[in-house]
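In: Predicted structure and sequence below. I'll ask about it afterward.
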Amino acid sequence: LENLGSGPWGRIRQVSANGGPTGFDRILNHTGDQLGDGTGQDSRNPASYHNVVGGAPIAADNFNTTRQMVFAMPSKLDTIFTKGELQLPYDLRFVTTAMYASRKGVSTTAGYPLSSQSQSKFPVYVDKDSYYNPYGNQVAGAGLGQDLYFYRRTIEVPRVTENTNRTLHIDATLSGDFELRSLPWNWSVGYNHSKVDGNTMATGNINLINLKKALGPSFRNASGAIQCGTAAAPIPLAECTPFDILGGPSASNPAALNYIMSVGGYTYGSKVDSATADISGELFQLPAGALGVAAGIEHRTVEGWDLPGEFQRSGFSTDLAGNPTRGRYTVREAYAELNVPILKGLPFVESLSANLATRYSDYSNFGSTNNSKASLTYRPIKDLLFRGTWAEGFRAPTVGDSFGGGQQSFDSYLDPCDTVYGDAARNTSVLARCNTGIGGIRGTPAAFRQKTQTGANITSSSSVQSSVPFNVGAGNAFLQPETAVTRTLG
């Protein structure tokens, strides 16, 4: 399998006034192809680079990311389950179940596709005073150097995520049967506890604070070692390790990689505790059958959390930055249902029955609601059935909907302003809005093309992954429930 992404060899551009890439576009000469197993030329020599034509590197300059992907994630699952049932006097029954499961898994993805603006609020460039800058002061001459915008996939250290997930479920129910006016009734009270929690540890992402130091000013000291800082103001070797990031995998070393890499992690979980009481039975007999009724109450507490590590929250890592999510709400509910047999066993009326139900819910985070349902079932003959239903629908916001902190994500999408495959290629109104911009946002160029992560134009209408992260999953504390009215007949 082949899936070409940005490559492991240093790609350099000049830095524009707004901090983005501009000017020349060059990649280090190297042997080998998209397997990343070649040797790069001297990264300090400007003649060691070749031009990128049309913003799209050739295949040999990219990297086949499937070489470092795991398609079947290895995992280990341990589970224990138990169930008990106890018959008590007076037709009482006590039933309980318990289950615990622990799952451990490991996933691997290709080394990080690093660039100067991997985190746009903390850009990192190859400093003009870096020893390894081919256009820096130490190569071009004092005062002639320039910072460089760079791209480089760190295939030396694939991204590995270890996930431990734990599930605990315990429930207990006490139930019984009794008769009222010689008609059957049953009742139950129960408790349910369900909890899922876990933690992850991720390696292979970059500590941008250390990377900025490693790509900052550096020089060759008296002993011949490359050292951070300047000859006049050296930084001790124990505090900073310079990194020849443009030289590719063949020029990197364990000390530099250890210095710029970060270890991330987060904890997550959700918990539901509920107590219920239910009763159902027959009120009395009608000519067409028993008039059945059911009613009950429930108290439910819902809690959820997703807590990235402090460094991940900071945005100083290439790991997807995110804010913590923590939320909790309670629900009190009561319901009633009535099943009414109307007719039965008559000519062209094999059976006719109605069902009426209603539920009251009181949420601590947005208030109360009532939702009801009415349905009619008519069977003129045994093999033919007609049904009609009117129902109110209701969906409460989840913990993530209301309390989500938001997290970066490299989403896949098709830009509507792409002039070949987007809506702008087919709809002149969309094209006009793309060109002029909306609400003060600058428009796109006349022949705008969406780019892949390698910098090439997209080649189909299929969605492609973004080259910059979006913010997703941010909650809204003022979010209200979704409601609906459904009518069916058939």
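Out: Cool, the structure landed. Numbers count the residues shown, from 1 in each chain.
In: Number of residues surrounding residue 218?
Out: Other residues lying near residue 218 total 28 when counted by other Cβ atoms under 10 Å. Yep, even glycine has a C-beta here, placed from its N, CA and C like the rest.
In: quick one: it from residue 130, how far?
Out: 5 Å (Cβ to Cβ, to the nearest Å).
In: Now list whatever residues contact both of the two.
Out: Residues touching both residue 218 and residue 130 by Cβ atoms under 8 Å, 6 or more residues apart in numbering: residue 242.
In: which one in the chain is furthest away from the centre?
Out: If you look at how far each residue of the chain sits from its centre, by Cα atoms, centre = their mean, the farthest one is residue 347, at 59.5 Å.
In: Need the per-residue pLDDT for that one.
Out: On pLDDT, residue 347 comes in at 93.
In: With residue 454 instead?
Out: pLDDT, residue 454: 63.
In: What are the boundaries of the helices in the stretch 201-350 of the chain?
Out: Secondary structure of the stretch 201-350 of the chain by DSSP state H, counting those that start in this stretch: the helices cover 208-214, 254-260, 310-314.
In: Buried deepest among those helices, which one?
Out: helix 208-214 (a mean of 21; mean count of other Cβ atoms under 10 Å).
In: If you count neighbours, what's buried in the longest helix seen in the chain?
Out: When the chain is parsed with DSSP state H, its longest helix is helix 428-436. Using 16 or more other Cβ atoms under 10 Å as the test for burial, helix 428-436 gives 431, 433-434.
In: Save those residues as a markdown table, and put in distance to residue 160 too.
Out: Output for the buried residues of helix 428-436, formatted as a markdown table (distance: Cβ to Cβ, whole Å):
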| residue | distance to residue 160 |
| --- | --- |
| 431 | 44 |
| 433 | 43 |
| 434 | 40 |
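In: which one of the residues you listed is nearest residue 359?
Out: Closest approach between those and residue 359, by Cβ to Cβ: residue 433, at 45.1 Å.
In: nearest residue to the closest one other than its sequence neighbours?
Out: Nearest residue to residue 433 in three dimensions, chain neighbours excluded: residue 443, at 7.9 Å (Cβ to Cβ, 6 or more residues apart in numbering).
In: SS state for that neighbour?
Out: Recorded secondary structure, residue 443: coil (DSSP: H, G, I helix; E, B strand; the rest coil).
In: re earlier: of the buried residues of helix 428-436, which is the nearest to residue 411?
Out: Closest approach to residue 411 among these (Cβ to Cβ): residue 434, at 19.3 Å.
In: Could you find the closest non-adjacent residue to residue 82?
Out: Once flanking residues are discounted, residue 82 sits nearest to residue 98: 5.2 Å by Cβ to Cβ, 6+ apart.
In: Tell me the bridge partners for that neighbour.
Out: On the basis of DSSP bridges, residue 98 is bridged to residue 82, residue 170.
In: From residue 168, how far off is it?
Out: Residue 98 sits 8 Å away from residue 168, going by Cβ to Cβ.
In: What of residue 278?
Out: From residue 278 over to residue 168 the distance is 24 Å, taken as Cβ to Cβ.
In: can you check residue 237 too?
Out: Relative to residue 168, residue 237 is positioned 49 Å away (criterion: Cβ to Cβ).
In: cool, residue 177 as well?
Out: Here residue 177 is placed at a distance of 31 Å from residue 168 (Cβ to Cβ).
In: What residues does the residue farthest from the centre of the chain make contact with?
Out: Neighbours of residue 347 in contact, by Cβ under 8 Å, 6+ apart: none.
In: Make JSON lines from the helices of the stretch 201-350 of the chain and add mean pLDDT and distance to residue 151 to it.
Out: Shown next, in JSON lines, are those (pLDDT from 0 to 100; distance: least, Cβ to Cβ, whole Å):
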{"stretch": "helix 208-214", "mean pLDDT": "97", "distance to residue 151": "14"}
{"stretch": "helix 254-260", "mean pLDDT": "96", "distance to residue 151": "16"}
{"stretch": "helix 310-314", "mean pLDDT": "86", "distance to residue 151": "23"}
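In: Test my guess that residue 319 contacts residue 313.
Out: No - contact criterion Cβ atoms under 8 Å: residue 319 and residue 313 do not qualify, at 9.9 Å.
In: And stretch 285-294, how far out from the chain middle?
Out: 51 Å (Cα atoms, centre = their mean, to the nearest Å).
In: what do you get for stretch 309-322?
Out: Centroid separation for stretch 309-322 versus its chain: 14 Å, with Cα atoms, centre = their mean.
In: Just the endpoints, please. Distance across that stretch?
Out: Stretch 309-322 has an end-to-end distance of 9 Å (Cα to Cα, to the nearest Å).
In: what does that stretch rub up against?
Out: Residues contacting stretch 309-322 (Cβ under 8 Å, 6+ apart): 112, 114, 118-119, 121-122, 202, 205-209, 262, 264-266, 306, 308, 323-324, 405-410, 469, 473.
In: Now the buried members of those residues.
Out: With burial judged by 16+ other Cβ under 10 Å, the buried subset of the contacts of stretch 309-322 is 112, 114, 118-119, 122, 202, 205-209, 262, 264-266, 306, 308, 323-324, 405, 407-408, 469, 473.
In: among those residues, which are in strands?
Out: Counting by DSSP state E, the buried ones among the contacts of stretch 309-322 place 114, 202, 205-206, 262, 264-266, 306, 308, 405, 407-408, 473 in strands.
In: Closest one to residue 375 out of those, please.
Out: For these, the nearest to residue 375 is residue 473 (37.5 Å; Cβ to Cβ).
In: hang on, that closest one packs against residue 401?
Out: No - look at residue 473 against residue 401 with Cβ under 8 Å: they stay out of range, at 9.4 Å.
In: what is in contact with those two at once?
Out: With Cβ under 8 Å, 6+ apart as the test, residue 473 and residue 401 reach no residue in common.
In: What lies in contact with stretch 369-386?
Out: Stretch 369-386 has contacts (Cβ under 8 Å, 6+ apart) with 348-361, 363, 387-394, 481, 483, 489-490.
In: what does stretch 177-185 give?
Out: The contact list for stretch 177-185, computed with Cβ under 8 Å, 6+ apart, reads 91, 186-187, 279-285, 290.
In: Drop the exposed ones from those and show what's left.
Out: Burial by neighbour count, 16+ other Cβ under 10 Å: within those this picks out 187, 280-282, 290.
In: In JSON lines: the residues you listed, plus distance to residue 58 and pLDDT.
Out: Compiled in JSON lines, the buried ones among the contacts of stretch 177-185 are given as follows (distance: Cβ to Cβ, whole Å; pLDDT from 0 to 100):
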{"residue": "187", "distance to residue 58": "75", "pLDDT": "97"}
{"residue": "280", "distance to residue 58": "72", "pLDDT": "97"}
{"residue": "281", "distance to residue 58": "77", "pLDDT": "96"}
{"residue": "282", "distance to residue 58": "79", "pLDDT": "95"}
{"residue": "290", "distance to residue 58": "79", "pLDDT": "92"}
